[in-house]
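In: for reference, the sequence and a predicted model appear below.
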Amino acid sequence: MSSRTLNLTEQLYQYLLDVSVKETAVQKTLRIATQGMQQSNMQIAPEQGQFMAFLVKLTGARKCLEIGVFTGYSALSVAQALPADGKIIACDVNQEWTDMARTYWRNAGVEKKIDLRIAPAIETLQQLLDDGGQSSFDFAFIDADKTNYDRYYESTLRLLRSGGLIVIDNTLWGGDVANIRVQDEDTRAIRELNKKLLNDRRVDMTLLPVADGLTLVRKL
C-alpha cells in the first residue's frame, strides 16, 4: 500500500479514463471540439466533470453557482446531474465561448437549467447577495481569473448554505504553487488562498490531486 498519492503515468491515466469515465455523447463532442481551440487548457478534465456531477448527486444539490464557464463542459456536467427542477447560475464575460456552450447545453436538453449571466462575476455575485441570495446555494464551482479567487470565494461563501459545497479549480496550478521562485500574480493568488483555506474556521476543506488540483470546501 502506498503512503502517498500515486503518480499517474500516461498509460495509467488512460486506464483510469477507460474504466471510470462515463461521458454522454454531447459531453464528448464538446470536449473534443474545445481541444482544437487555442485556449483548450482552460477546459476541465473529463474525470473532473464526472467527479463534480457525482458530488452534486451525493449532496442532493438543486441550486448551483458557477464562476467561469468557458465552453460549458463543467456546467453541462453539473446540469446533467441535477434534478429536473435544479438550476445553475453561470457567470462569464466571454460571449463567443458561452455561445458555443449554449449550443451544447441545448443539444443535451439542459439549457433551461442554466441561467447564464454575461457580466463580471464580482458584479453578478453582489447582485445575488443584494437580491437576498445569502445562504441559498447548495453547490458552487470557482474556475475563473485567479487574481480574483479570494473575492469569489468570500462572496460565494456568503451565498452558500450551511453544509453546502464549494469546488475550487487549479489549486495546484501545474505545481507552481510549491515553487517559491514562481511569483507571478496568478500563482501568488492561488498560493495565498490555499493558505487561507487551511486556517479558515468557517469551513472544512480538502485539496485533492485531481486534474490541476481541486479543493473541496464545506461551509460549517
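Out: Cool, got the structure.

In: what element comes up after the lengthiest strand in the chain heading to the C-terminus?
Out: Taking DSSP state E as the criterion, the chain has its longest strand at strand 160-169. As assigned by DSSP states H and E, the chain's next helix or strand after strand 160-169 is helix 185-198.

In: just checking, what packs against whichever helix or strand comes after that following helix?
Out: The helix or strand immediately downstream of helix 185-198 is strand 203-208, counting by DSSP H and E. Strand 203-208 sits against helix 185-198, strand 214-219, with contacts defined as 3 or more C-beta pairs under 8 Å, 6 or more residues apart in numbering; DSSP states H and E. C-beta coordinates here come from the backbone N, C-alpha and C atoms, glycine included.

In: quick one: low-confidence parts of the chain?
Out: Residues of the chain meeting the criterion pLDDT under 70: 1-2.

In: all strands of it, in order?
Out: Under the criterion DSSP E, strands of the chain are mapped to 63-67, 87-92, 114-118, 137-142, 160-169, 203-208, 214-219.

In: can you report how many residues lie near Arg201?
Out: If you count neighbours by other C-beta atoms under 10 Å, Arg201 ends up with 6.

In: same deal with Pro120?
Out: Pro120 is flanked by 15 other residues according to other C-beta under 10 Å.

In: same question, Gly36
Out: Quick note: Gly36 (other C-beta under 10 Å) scores 7 neighbours.

In: from Gln14, how far out is it?
Out: Distance of Gly36 to Gln14, given as C-beta to C-beta, to the nearest Å: 20 Å.

In: do Arg191 as well
Out: From Arg191 to Gln14 the distance is 31 Å (C-beta to C-beta).

In: which one's more surrounded, the two?
Out: Each of Arg191 and Gln14 has its neighbours counted (other C-beta under 10 Å); Arg191 has more, 20 against 11.
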